[in-house]
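Asker: quick one, structure for this:
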Amino acid sequence: MAEALIVVCPHCDAPNRVPEARLTDGGTCGKCRRPLFTGHPLELTAANFDIHVGRSELPVVVDFWAPWCGPCRTMAPAFEQAARQLEPRVRLAKLNTEAEPALAGRFGIRSIPTLAVFREGKEVTRQSGAMDTGSLVRWITSQLR
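Answerer: Now for the predicted structure:
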């Protein structure tokens, strides 16, 4: 039997079991029938953070950012491009620290942008500072090994 992973739908937050060998086929959500992979970073909030980070068996890279942060805005297009390149091996997500200060505090975010890699609900590493697309992809890929 093929190994299956839990992939949380970016639209309705429903967990879906996807055979690992079929991840590159994309797949659709069993609940809402929308694509499981969009090629865009997922917007996280207090309401959906724990389901996406805690339930997903894919690594999740969270960009902790704020709208008033110049380096955050500069890195946003690179993060978007990295999502297109790295899905479905990893889920990229953004968390607005101004809108969700309790989550930023929960993870001790002191500077932004800060990228944190989560596996099975636990933070495994982080990196602060803006990066270009190539640097983002290399750093994220190095964390997947």
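Asker: neighbours around Gly121, how many?
Answerer: 12 (other Cβ atoms under 10 Å). (Glycine included, C-beta is placed from N, CA and C.)
Asker: that one and Val53 touch, don't they?
Answerer: Yes. In terms of Cβ atoms under 8 Å, Gly121 counts as a neighbour of Val53; the distance is 5.8 Å.
Asker: what sits in contact with each of the two?
Answerer: Taking Cβ atoms under 8 Å, 6 or more residues apart in numbering as the contact definition, Gly121 and Val53 share no neighbouring residue.
Asker: tell me the contacts of the most centrally placed residue in the chain?
Answerer: Among the residues of the chain, the one closest to the centroid is Leu92, at 2.6 Å (Cα atoms, centre = their mean). Applying Cβ under 8 Å, 6+ apart, one finds that Leu92 lies in contact with Pro41, Leu42, Val60, Val61, Asp63, Phe79, Ala82, Ala83, Leu86, Ile140.
Asker: how about the helices in this protein?
Answerer: Counting by DSSP state H, one finds helices in the chain at the ranges 49-55, 70-86, 101-106, 133-143.
Asker: nearest to Pro10 among the contacts of Leu92?
Answerer: The closest of the contacts of Leu92 to Pro10 turns out to be Leu42 (Cβ to Cβ; 4.8 Å).
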